[in-house]
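K.L.:
My questions are about this predicted structure, shown below with the sequence.
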There are 2 protein chains.
Amino acid sequence: MAKAKVSGPARAVPANTADYIKAVATELFFKNGFKATTTRNITEACGFTPGALYNHFSSKDKLLFEIIKDTHQVVEEKIYLALGQPARNQSDRLKNLIREFVVFHSTNRQSALVANQEYHFLSGEEKEHVRQLRRRVRAVFEDILRAGAAVGEFDLPKTSGEPAGHLLAMAMIDMVVRVSEWFNDDGAMTPEQLADVYAEFAARMAHSGAAIVPIRPDAT
Amino acid sequence: MAKAKVSGPARAVPANTADYIKAVATELFFKNGFKATTTRNITEACGFTPGALYNHFSSKDKLLFEIIKDTHQVVEEKIYLALGQPARNQSDRLKNLIREFVVFHSTNRQSALVANQEYHFLSGEEKEHVRQLRRRVRAVFEDILRAGAAVGEFDLPKTSGEPAGHLLAMAMIDMVVRVSEWFNDDGAMTPEQLADVYAEFAARMAHSGAAIVPIRPDAT
C-alpha cells in the first residue's frame, strides 16, 4: 500500500553507468513490474538513447538477473554479519539472523520486492541460478533450526511430508519478506524496533527456551 | 517458482460471461501481472472481440477491483466458517482461523496472489475499499489475539510504536499469504497437512498455552 510513497534516492549517486541503469530499472520494476516495463521506459528514465542499455546488458532479462544477484549478494553479507555476532546459543543466532533480515527488508524495500516477486519472469539457467541463491539463504535458517533441535534447545513440531525445519524456515522467511511490502519509513517503528519484535516471533515459532544450550567454544 | 505449473481449470465452467472474463483475467494477471496485461489480451484469451469486455466492466481497473472483491468475499466466508467451528478457547479459535486461511491460500493460489500483489495498482475509492477489506480481515486476527491476551491465554511480546497484536496479526497473515507463492499441488503435503503445521506456528507466536482459558458459554 505504501508503494507510491517510496522515493528513489538510488538515482542520486550513480557510481557507474551499469549501476545507474540497475538503480533506475529497480525503481521501475518495483513500481510497474518487470513485464510492464520496457527497455525504452528504462533508457528514457535514465535520459539515454533507446539502444544505450545494450552496451551494458544483453537483454531486459539479463538486467533483472543482475539486479537480483546484487540483492542476494547484499543479503548474504547481512547473513555473514549476523552469524558473526556474539551468540550464546542457537536462539541467539536465530534472533541475530532474523534481525538483520528484517532491517534489510525494511530499508531496501524496492530491491527486496523486485528480487522476491519478479524472479519468476526469469527462465532457464538464470532462473535456476536465483533458485539456488534462495535455497542457500533458506539453508542458513534450516541449519540453525536443526542445530538447535539437535541439542534440545528448539522443539520443532511434528510434520508429515516436509521436515519441520524446512517449513519453519519458509514461514519465517516469508513473514520477513512481506515486511518490504508494508513497512513505512514514516511509521511508528524503526527498522530496528521491528527487527526485535520479529526476532522474538521467530524464537517463539521454534519454541526456543525449552532448554537453552550454550554453544561450546570448540563447536563453533 | 511454481507459477508455470499452475493450470487454469477456471476456464472450464463459465457460469456467466462476466464470471468467465474474471476467471480468464485472473489467470493472465497471475501470469503476467495486471500492468502487463492489456484488455485486448483478455478479450483475445476469452475468444471475444476487443470491445466485448466493456459490456461487462467499464475498465481494466474495474475488472481487477471486482476480482479482488470476489476473492475477499470468499475469504470472509472462510473466516465465518472458521469462527463457527468448535473452540474451547482463543487458541482453538486462532488455530481454526489459520487452518482455513492456509487451505484457502494453497488451493486458490491464482486469485490469492492477484488480490495480494496487484491491488496496489488500483487507485482512489477502489484502492481505499480494498484497504478496508484487508483491515477487516486483520481485525479478526487482532480481536482473537487481544481476547486471548486479556484472559492470560496468550502472552504477547512487549513492543514500542505498534501494538503487539497488530504486528502479530501482520506476521501471521504474511506467512500464510506467501503460501500461495510456493505451494505445490504435486508436492509432499496436502493443504490440510500444511494448515495444521501453520496453525501450530501461529499458536506458538502468540505463546499460546501459558494458561489455556476456556471460553465461557455466555461470553461467546
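P.N.:
Thanks, I have it.
K.L.:
Now A:Thr37: phi and psi?
P.N.:
Reported as degrees, to the nearest 10, the phi and psi values for A:Thr37 are phi -100, psi 120.
K.L.:
looking at it, it is touching A:Phe29, isn't it?
P.N.:
Yes - if you go by Cβ atoms under 8 Å, A:Thr37 and A:Phe29 touch, sitting 5.7 Å apart. For glycine as for every other residue, the C-beta is placed from the backbone atoms N, C-alpha and C.
K.L.:
These two: which is more packed in?
P.N.:
A:Phe29 (28 against 23; other Cβ atoms under 10 Å in any protein chain shown).
K.L.:
So that one versus B:Asn55, what's the distance?
P.N.:
A:Phe29 sits 34 Å away from B:Asn55, going by Cβ to Cβ, to the nearest Å.
K.L.:
Next: A:His207.
P.N.:
56 Å.
K.L.:
ok, which stretches of chain A are strands?
P.N.:
In chain A, no segments count as strands under DSSP state E.
K.L.:
just checking, what's the longest helix in it?
P.N.:
Secondary structure of chain A read by DSSP state H shows that its longest helix is helix A:124-150.
K.L.:
pLDDT of it, averaged?
P.N.:
The average pLDDT for helix A:124-150 rounds to 97.
K.L.:
which residue ranges form the helices in chain A?
P.N.:
Under the criterion DSSP H, chain A carries helices at the ranges A:17-32, A:39-46, A:60-83, A:90-107, A:109-118, A:124-150, A:164-177, A:179-182, A:191-205.
K.L.:
Can you list the neighbours in contact with the shortest one?
P.N.:
Outside of helix A:179-182, the residues within contact range by Cβ atoms under 8 Å, 6 or more residues apart in numbering or on different chains are A:1-2, A:102, A:105-106, A:108-109, A:112-113, A:116, A:194, A:198, B:170, B:174.
K.L.:
Name only those of those that count as buried.
P.N.:
Applying a neighbour-count criterion of 16 or more other Cβ atoms under 10 Å in any protein chain shown, the buried members of those are A:Val102, A:His105, A:Ser106, A:Asn108, A:Arg109, A:Ala112, A:Leu113, A:Asn116, A:Leu194, A:Tyr198, B:Met170, B:Asp174.
K.L.:
In those, find the pair that's most separated.
P.N.:
Within the buried ones among the contacts of helix A:179-182, A:Asn108 and B:Met170 form the most distant pair, 18.9 Å apart (Cβ to Cβ).
K.L.:
give me the number of residues near A:Asp19?
P.N.:
A count of nearby residues for A:Asp19, using other Cβ under 10 Å, gives 15.
K.L.:
now it: how far from A:Ala112?
P.N.:
According to Cβ to Cβ, A:Asp19 and A:Ala112 sit 18 Å apart.
K.L.:
now A:Leu168
P.N.:
A:Leu168 is 21 Å from A:Ala112, by Cβ to Cβ.
K.L.:
cool, A:Glu181 as well?
P.N.:
Counting by Cβ to Cβ, the gap from A:Glu181 to A:Ala112 is 9 Å.
K.L.:
residues of stretch A:159-170 that come out buried?
P.N.:
Within stretch A:159-170, the residues scored as buried using 16+ other Cβ under 10 Å are A:Thr159, A:Glu162, A:Ala164, A:Gly165, A:His166, A:Leu167, A:Leu168, A:Ala169, A:Met170.
K.L.:
could you check whether it is close to chain B?
P.N.:
Yes - using Cβ under 8 Å from any Cβ of the partner chain, we find that stretch A:159-170 touches chain B at A:Thr159, A:Ser160, A:Gly161, A:Glu162, A:Ala164, A:Leu167, A:Leu168, A:Met170.
K.L.:
Tabulate the buried residues of stretch A:159-170 in CSV, adding columns for pLDDT.
P.N.:
Listed next are the buried residues of stretch A:159-170 as CSV, based on pLDDT from 0 to 100:
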residue, pLDDT
A:Thr159, 90
A:Glu162, 89
A:Ala164, 94
A:Gly165, 95
A:His166, 95
A:Leu167, 96
A:Leu168, 97
A:Ala169, 98
A:Met170, 97
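K.L.:
for A:Glu192, what are its contacts?
P.N.:
A:Glu192 is in contact with A:Arg99, A:Val103, counting by Cβ under 8 Å, 6+ apart.
K.L.:
got it, and A:Pro157?
P.N.:
When contacts are counted by Cβ under 8 Å, 6+ apart, A:Pro157 touches A:Ala164, B:Val197, B:Glu200, B:Phe201.
K.L.:
Using PyMOL, define a selection of the buried residues within those residues.
P.N.:
Listed next is the PyMOL selection for buried residues among these, using 16+ other Cβ under 10 Å:
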select buried, (chain A and resi 164) or (chain B and resi 197+200+201)
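K.L.:
I'd like the contacts of A:Pro157 as TSV, with distance to B:Gly51 appended.
P.N.:
Formatted as TSV, the contacts of A:Pro157 follow (distance: Cβ to Cβ, whole Å):
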residue	distance to B:Gly51
A:Ala164	54
B:Val197	48
B:Glu200	52
B:Phe201	49
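K.L.:
just curious, which of the contacts of A:Pro157 is nearest to B:Gln85?
P.N.:
Among the contacts of A:Pro157, and counting by Cβ to Cβ, the member closest to B:Gln85 is B:Glu200, at 16.5 Å.
K.L.:
Dump stretch A:36-47 to CSV, restricted to CA.
P.N.:
What follows is stretch A:36-47, C-alpha atoms only, in CSV (Å, rounded to 0.1, in the frame of the first residue of the first chain):
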residue,chain,number,x,y,z
ALA,A,36,5.1,-4.0,-17.9
THR,A,37,8.5,-2.1,-18.0
THR,A,38,10.1,-1.8,-21.4
THR,A,39,13.8,-1.3,-22.1
ARG,A,40,12.6,2.0,-23.7
ASN,A,41,11.0,3.0,-20.3
ILE,A,42,14.3,2.4,-18.7
THR,A,43,16.6,4.2,-21.1
GLU,A,44,14.1,7.1,-21.2
ALA,A,45,14.1,7.3,-17.4
CYS,A,46,17.9,7.2,-17.5
GLY,A,47,18.0,10.0,-20.1
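K.L.:
Specify the residue positioned farthest from the middle of chain A.
P.N.:
A:Thr49 (32.8 Å; Cα atoms, centre = their mean).
K.L.:
State the pLDDT value of it.
P.N.:
Looking at A:Thr49, its pLDDT stands at 93.
K.L.:
re earlier: can you lay out the buried ones among the contacts of helix A:179-182 as JSON lines showing distance to B:Lys78?
P.N.:
Listed next are the buried ones among the contacts of helix A:179-182 as JSON lines, based on distance: Cβ to Cβ, whole Å:
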{"residue": "A:Val102", "distance to B:Lys78": "29"}
{"residue": "A:His105", "distance to B:Lys78": "28"}
{"residue": "A:Ser106", "distance to B:Lys78": "30"}
{"residue": "A:Asn108", "distance to B:Lys78": "34"}
{"residue": "A:Arg109", "distance to B:Lys78": "30"}
{"residue": "A:Ala112", "distance to B:Lys78": "29"}
{"residue": "A:Leu113", "distance to B:Lys78": "27"}
{"residue": "A:Asn116", "distance to B:Lys78": "25"}
{"residue": "A:Leu194", "distance to B:Lys78": "28"}
{"residue": "A:Tyr198", "distance to B:Lys78": "26"}
{"residue": "B:Met170", "distance to B:Lys78": "19"}
{"residue": "B:Asp174", "distance to B:Lys78": "17"}
